[in-house]
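Participant: sequence and predicted structure, then a few things I'm wondering about:
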Amino acid sequence: MQFFPNFLSLFFEYKNKNSYTMRISLFPPTLLLLMVVGAVIYSPVQAVGIEFVSGSWQEVVDQAKSERKLIFVDAYTVWCGPCKAMSRNTFPKEKVGAFFNEHFVSYKFDMEKGEGLEFAETYEVTAYPTLLFINHLGEVVHKSLGYKTPEQLINEGRQALDPKKNQVLVEMEYESGEADPATIYDYAMQLHAQEKDFRKPAEQYFATIVKDKELLEARNWKAIQAFTSDINSREYQYVLSKQKKFMKRYGIQAVADKLYDVLKQTTIQSVITQNPTGYQEAVTLANSYIKDKGQTANRLRMVHAEANREWGVYAQKALYHFETYIIIQPKALDHSARLFAKHIDEPAKLEKAIEWARQSIAIENEAYNNETHALLLNKLGRHHDALKFANKALRIAILNDEQTDSLQQLVDELQRKVRG
């Protein structure tokens, strides 16, 4: 018994550029069924990210109320690079969409257009992106600033949903004066994420840690990374003295970066306050505790010279630094090369800076270091070569949705020089 009839199929057979012949054929039912099943199997499945709703703000609030959900707001501007990066790298991820579409009504707001202007004023949005979690009464229950990876954004969403974690309740519990250490930690972390003054709760949190060895615990290491900036604090001194243990648990580079960052902040602060003691202490600690043949101490000397705008001293320390040590951080190489492009005039020293710019590009081929290369070549009068790298930097910046105004100005300037 035949369950499926044969199906007519029309198709065109190409004869020449001006002639097609229509042919009719019959697909056997079994073949047709296989073709349909195959099409289903091999059809690509599109990953679905966050589904942002459209409409007015009031409509969004009404929808959240009817669905009994919080509102997630991406407060952005069209010129914000991190905002574009999140739209490209974070919001479209399937796991992000699965979580946010289940738990939130999501909405995007341009803070410089339409209702966004009033929204920015009402919710005091001054940095971008600002990520807000708002209830149907218009109350912010959680807030975070800056670019977030998929994992970080999901974590922010979980905090907003957790009545013990969201910003409003954590702040209320902290201000009651009866908060436990975990709540004090959460509150300090929230202030840190919002770029607000977290020093008081951070000090209170560290005061709850009785034994020094407890600082090795994972949560306390995160607290040290976020809060610690005083070289004389108990937690910094402990990391300094037990750095091998910290490195074994949390990675060599992460611990080394934290140790250096605090020394660098101390050095810069000593210049701002015109008190050399902090800088001297930082260099002494670097020489005594950080076993890298003086590399960190010399970096601090470079930082000190830069902060004081002593460009002759800076050039001397930088030339020694890059000739003595193996530097593989592209931004460190570029930073010194860019300072030479701005402040150093001797051709021989500029040629050295070009080597650093090339090394940076070899490690990480981006707009910023190609621009530095172009600036150095321009300063040496090699305008044709400079234009080549300026154009390259401009192309990379456009592809990465980065700001291009200064690069376009550089390209225009070099084109005028090349034309004579």
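Facilitator: Yep, it's here.

Participant: how about the helices in the stretch 301-420 of the chain?
Facilitator: Residue ranges of the helices in the stretch 301-420 of the chain, as given by DSSP state H, counting those that start in this stretch, are 311-324, 330-343, 347-363, 367-379, 383-399, 405-419.

Participant: and of the ones you listed, who's closest to Ala282?
Facilitator: In terms of CB to CB, the element of the helices of the stretch 301-420 of the chain nearest to Ala282 is helix 311-324, at 14.8 Å. All C-beta spots, glycine's among them, are computed from the backbone N, C-alpha and C.

Participant: enumerate the positions of that closest one that are buried.
Facilitator: Within helix 311-324, the residues that qualify as buried by neighbour count (16 or more other CB atoms under 10 Å) are Trp311, Tyr314, Ala315, Lys317, Ala318, Leu319, His321, Phe322.

Participant: that helix packs against which elements?
Facilitator: Contacts defined by 3 or more CB pairs under 8 Å, 6 or more residues apart in numbering; DSSP states H and E place helix 311-324 against helix 295-307, helix 330-343, helix 347-363.

Participant: list the contacts of the shortest one.
Facilitator: Helix 295-307 is touched from outside by 259-260, 263-264, 267-268, 270-272, 279, 282-283, 286-287, 290, 311, 313-314, 317-318, 320-321, 324-325, 336, 339, with contacts defined as CB atoms under 8 Å, 6 or more residues apart in numbering.

Participant: on that earlier part again, which single one of the buried residues of helix 311-324 is nearest to Ala348?
Facilitator: Distance to Ala348, by CB to CB, is smallest for Leu319 among the buried residues of helix 311-324, at 9.8 Å.

Participant: make CSV from the helices and strands packed on helix 311-324 and add distance to Lys143 and mean neighbour count to it.
Facilitator: Supplementary listing: these in CSV, determined by distance: least, CB to CB, whole Å; neighbours: other CB atoms under 10 Å:
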stretch, distance to Lys143, mean neighbour count
helix 295-307, 33, 21
helix 330-343, 29, 20
helix 347-363, 36, 18
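
Participant: strands along this structure, start to end?
Facilitator: When assigned using DSSP state E, the strands of the chain occupy the ranges 7-16, 19-27, 70-76, 104-110, 130-134, 140-145.

Participant: ranking those by mean pLDDT, which is last?
Facilitator: For those, the stretch scoring lowest in mean pLDDT is strand 7-16; its value is a mean of 41.

Participant: returning to what we had before: can I get the buried residues of helix 311-324 in TSV with pLDDT?
Facilitator: Compiled in TSV, the buried residues of helix 311-324 are given as follows (pLDDT from 0 to 100):
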residue	pLDDT
Trp311	97
Tyr314	98
Ala315	98
Lys317	97
Ala318	98
Leu319	98
His321	97
Phe322	97
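
Participant: grab the two from those residues that are most spread out in space.
Facilitator: Looking at those by CB to CB, the two members farthest from one another are Trp311 and Phe322, with 16.0 Å of separation.

Participant: so for the protein, the centremost residue is which one?
Facilitator: Among the residues of the chain, the one closest to the centroid is Tyr147, at 5.1 Å (CA atoms, centre = their mean).

Participant: wait, it touches Met86, no?
Facilitator: Yes - applying CB atoms under 8 Å as the test, Tyr147 and Met86 come out as touching, 5.8 Å apart.

Participant: intersection of neighbour lists for those two?
Facilitator: By CB under 8 Å, 6+ apart, Tyr147 and Met86 have these common neighbours: Pro129.

Participant: reformat the buried residues of helix 311-324 as a markdown table; add distance to Asn166.
Facilitator: Supplementary listing: these in a markdown table, determined by distance: CB to CB, whole Å:
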| residue | distance to Asn166 |
| --- | --- |
| Trp311 | 49 |
| Tyr314 | 47 |
| Ala315 | 51 |
| Lys317 | 48 |
| Ala318 | 47 |
| Leu319 | 52 |
| His321 | 47 |
| Phe322 | 48 |
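
Participant: wait, which of those is closest to Ile134?
Facilitator: Comparing these against Ile134 with CB to CB places Tyr314 closest, at 48.0 Å.

Participant: just the pLDDT at the nearest residue to the closest one once chain neighbours are set aside, thanks.
Facilitator: With sequence-adjacent residues excluded and distances taken as CB to CB, 6 or more residues apart in numbering, Tyr314 is closest to Ala305, at 3.9 Å. Per-residue confidence (pLDDT) for Ala305: 98.

Participant: for this protein, where's the lowest mean pLDDT among helices and strands?
Facilitator: strand 7-16 (a mean of 41; mean pLDDT, DSSP states H and E).

Participant: ok, back up a step: quick one, what contacts the residue nearest to the centre of the chain?
Facilitator: Neighbours of Tyr147 in contact, by CB under 8 Å, 6+ apart: Pro82, Ala85, Met86, Thr90, Pro129.

Participant: try 7 Å
Facilitator: Pro82, Ala85, Met86 (CB atoms under 7 Å, 6 or more residues apart in numbering).

Participant: and the residues you listed as a markdown table, adding distance to Arg219, neighbour count and pLDDT?
Facilitator: Written out in a markdown table, the entries for the contacts of Tyr147 read as follows (distance: CB to CB, whole Å; neighbours: other CB atoms under 10 Å; pLDDT from 0 to 100):
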| residue | distance to Arg219 | neighbour count | pLDDT |
| --- | --- | --- | --- |
| Pro82 | 27 | 15 | 93 |
| Ala85 | 28 | 16 | 93 |
| Met86 | 27 | 23 | 95 |
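
Participant: which one of the residues you listed is nearest to Lys165?
Facilitator: Proximity of the contacts of Tyr147 to Lys165 (CB to CB) peaks at Met86, which lies at 21.6 Å.

Participant: name all residues that make contact with that closest one.
Facilitator: The neighbours of Met86, taking CB under 7 Å, 6+ apart as the test, are Pro129, Tyr147, Lys148.

Participant: from Ala297, how far off is Ile290?
Facilitator: 8 Å (CB to CB, to the nearest Å).

Participant: identify the contacts common to these two.
Facilitator: Taking CB under 7 Å, 6+ apart as the criterion, Ile290 and Ala297 do not both touch any residue.

Participant: coming back round to it: and the residue nearest to the centre of the chain, what's its pLDDT?
Facilitator: pLDDT, the model's per-residue confidence, is 94 for Tyr147.

Participant: give me the below-cutoff pLDDT ranges for the chain.
Facilitator: Per-residue confidence for the chain (pLDDT under 70) gives these ranges: 1-47.

Participant: please redo it, this time with the cut-off set to 90
Facilitator: Of all residues in the chain, those with pLDDT under 90 make up the ranges 1-48, 68, 135-139, 141, 159, 162-178, 190, 193-196, 401-403, 420.
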